[in-house]
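>>> could you work out the structure for the sequence below:
(2 chains)
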2 protein chains.
Amino acid sequence: MNNKPTLYTSLSPALLHLYNVNDAVVVIIDVLRATSTIATALFNGASFIIPVDSVEKCIEKGKEMGAITAGERDGKVAPGLQHGNSPFEYSRDFIGGKPMVLTTTNGTKLLYMAVANGAKDIITGSFPNLSAICDHLVKQNKNVVLACAAWKDRVNLEDMLFAGAVIHRIEDRFSIDCDSSRMAKKLYQQAMPNLLDFLKTQKASHYMRLSGYGLEKDIQYCMTPDTANVLPVYREGRLVITQV
Amino acid sequence: MNNKPTLYTSLSPALLHLYNVNDAVVVIIDVLRATSTIATALFNGASFIIPVDSVEKCIEKGKEMGAITAGERDGKVAPGLQHGNSPFEYSRDFIGGKPMVLTTTNGTKLLYMAVANGAKDIITGSFPNLSAICDHLVKQNKNVVLACAAWKDRVNLEDMLFAGAVIHRIEDRFSIDCDSSRMAKKLYQQAMPNLLDFLKTQKASHYMRLSGYGLEKDIQYCMTPDTANVLPVYREGRLVITQV
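Numbering: from 1, shown residues only, chains lettered A, B, ... in the order given. The predicted structure is shown next:
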């Protein structure tokens, strides 16, 4: 029919095995807040970020490398770590030139799962680096899997909206036979006039959880496109910015 | 906060384990076409339907009971069975007073999975029996899990639209903290003016697959509310109509 590469959306880590990640660019999406924080820290000069899947590894790696240890469990700073998962913690003054080790409830776990499933080409996406992601995917002209981190495997609105934003921008370049992608695009198009307001009026679960902790400012930042427009690529265990 | 029962939507059998089905009414949803066909056959007088999860069991059970054997694999009549999964095959003349054994790619498998997960209160839902489902759920005033059969574990539009239709009607009676339910409702509200047209313009995967087999009439029927408005309840291995 056509020779366009394919694009699929996996709405939960529990669905990732349904998609062939071996020959695809896999975009790890954890909008609130892991991948937004990753983009922000790298944009602000972090030398690299090591994502790890447990607090213990985070502490161990942090000591070993003299790195900033950061992360959350259930939306709060994980006990034993120095810093949390808020993009506002990672200003240029603070993070510039420093390495960072990060663990989060959903995002870093999904990245490890993608690696375990054979993904060789992994990037992280969020609204703060939306354009960088879209430009890269178009340039690569390879199959794509948009992998939502969700919340403890439960599908969430904000990650789906980001998938929808990517699809809305670049769908013409891909062959998309995937109802999850269709839903994501339709929802994004509804939410587009005001993404933050959409989460608020829908009472999205993680919006409610984080705003209950007084983190509305974080959410607003995380739903704003292109404020930290870099391309985080996963290479040899590290997330780095690279010109591809 | 309130004492309303909870309502959750599971978008795929691969996500069902995330929800507590033990103390909930579980609504099995396989709009195209298993649960639409179940409602139709029972509405037209089938004495009962035995859902089974393999073609072999279907043939065996059918012989044993002198029942109509019906089912599909990949949207086509399964080899070895007498009949397919089209609601139009089950007119009153044909099915009235007869037992039926049914196996389908997704719907009957999900029902078995719900049983294995401990569900004790299972009904089947589709647009042809939308009002019967909604009335029942409101009357029961118990927790609800709307369980979408999806397509080989991949989330699909039509089952999500049915979940959305139920939520749209009865959400006031339930406490809903579930992004999948919120998405389903939003999508349904967009699609509501013309459900069939929505599937068509979205090029929903299973719409395309079935219409490719010339089954557009089936799809149209399956997206039309309340044409076979009965309540199929799963009791001792059989789906029966019952006044609850």
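
>>> briefly note if the strand or helix carrying A:Asp159 comes near chain B.
Using DSSP states H and E, the element containing A:Asp159 is helix A:157-170. Yes - with Cβ under 8 Å from any Cβ of the partner chain as the criterion, chain B is reached by helix A:157-170 at A:Leu157, A:Met160. Every residue, glycine included, has its C-beta placed from N, CA and C.

>>> quick check: closest non-adjacent residue to A:Cys148.
Closest residue to A:Cys148 apart from its sequence neighbours, by Cβ to Cβ, 6 or more residues apart in numbering or on different chains: A:Asp159 at 3.6 Å.

>>> OK, contacts around the one you found?
Residues in contact with A:Asp159, defined by Cβ atoms under 8 Å, 6 or more residues apart in numbering or on different chains, are A:Leu11, A:Ile29, A:Asp30, A:Val31, A:Cys148, A:Ala149, A:Ala150.

>>> inside strands: which ones of those residues?
Assigned to strands by DSSP state E, the following of those qualify: A:Ile29, A:Cys148.

>>> so which of the contacts of A:Asp159 is the closest to A:Glu72?
The closest of the contacts of A:Asp159 to A:Glu72 turns out to be A:Asp30 (Cβ to Cβ; 10.9 Å).

>>> what about the residue lying closest to that closest one once chain neighbours are set aside, distance to A:Tyr234?
Closest residue to A:Asp30 apart from its sequence neighbours, by Cβ to Cβ, 6+ apart: A:Gly107 at 3.0 Å. Relative to A:Tyr234, A:Gly107 is positioned 12 Å away (Cβ to Cβ, to the nearest Å).

>>> spit out the residues that contact those two alike.
With Cβ under 8 Å, 6+ apart, A:Gly107 and A:Tyr234 have common neighbours A:Pro51, A:Thr124.

>>> any weak-confidence spans in chain A?
For chain A, the stretches with pLDDT under 70 are A:1-2, A:243-244.

>>> need the strands for it, in chain order.
With DSSP E applied, chain A shows strands at A:7-10, A:24-29, A:48-51, A:68-73, A:76-77, A:99-103, A:121-125, A:143-148, A:232-235, A:238-241, listed in chain order.

>>> would CSV of those strands with distance to B:Ala39 and mean neighbour count be doable?
What follows is these, written out as CSV (distance: least, Cβ to Cβ, whole Å; neighbours: other Cβ atoms under 10 Å in any protein chain shown):
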stretch, distance to B:Ala39, mean neighbour count
strand A:7-10, 31, 27
strand A:24-29, 38, 28
strand A:48-51, 48, 24
strand A:68-73, 45, 23
strand A:76-77, 47, 15
strand A:99-103, 48, 25
strand A:121-125, 42, 25
strand A:143-148, 33, 29
strand A:232-235, 48, 20
strand A:238-241, 51, 19
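
>>> quickly list what A:Ala70 is bridged to.
A:His83, A:Leu102 (DSSP bridges).

>>> so how far is stretch A:22-33 from its chain's centroid?
Distance of stretch A:22-33 from the chain centroid (Cα atoms, centre = their mean, to the nearest Å) equals 6 Å.

>>> next, count neighbours for A:His17.
Applying other Cβ atoms under 10 Å in any protein chain shown, we find 13 other residues in the vicinity of A:His17.

>>> was I right to think it contacts A:Asn117?
Yes - counting by Cβ atoms under 8 Å, A:Asn117 is a contact partner of A:His17 at 6.5 Å.

>>> nearest residue to A:Met65 other than its sequence neighbours?
Using Cβ to Cβ, 6+ apart and skipping the chain neighbours, the partner closest in space to A:Met65 is A:Pro99 (5.7 Å).

>>> which residues does the nearest residue to A:Ala41 once chain neighbours are set aside contact?
Counting by Cβ to Cβ, 6+ apart, A:Ala41 lies nearest to A:Tyr90, which is 4.1 Å off, once chain neighbours are set aside. By Cβ under 8 Å, 6+ apart, the contact list for A:Tyr90 reads A:Thr37, A:Thr40, A:Ala41, A:Asn44, A:Ala46, A:Met100.

>>> my guess is the fourth one meets A:Met100, correct?
No - applying Cβ under 8 Å as the test, A:Asn44 and A:Met100 come out as separate, 10.6 Å apart.

>>> follow-up on the earlier one: for the residue nearest to A:Asp30, give its distance to A:Ala191.
Look at A:Gly107 and A:Ala191: by Cβ to Cβ, they are 21 Å apart.

>>> the more surrounded of the two?
Between A:Gly107 and A:Ala191, counted using other Cβ under 10 Å, the more crowded position is A:Gly107 (32 against 23).

>>> wait, the more buried one sits on A:Ala34?
Yes - contact criterion Cβ under 8 Å: A:Gly107 and A:Ala34 qualify, at 3.1 Å.
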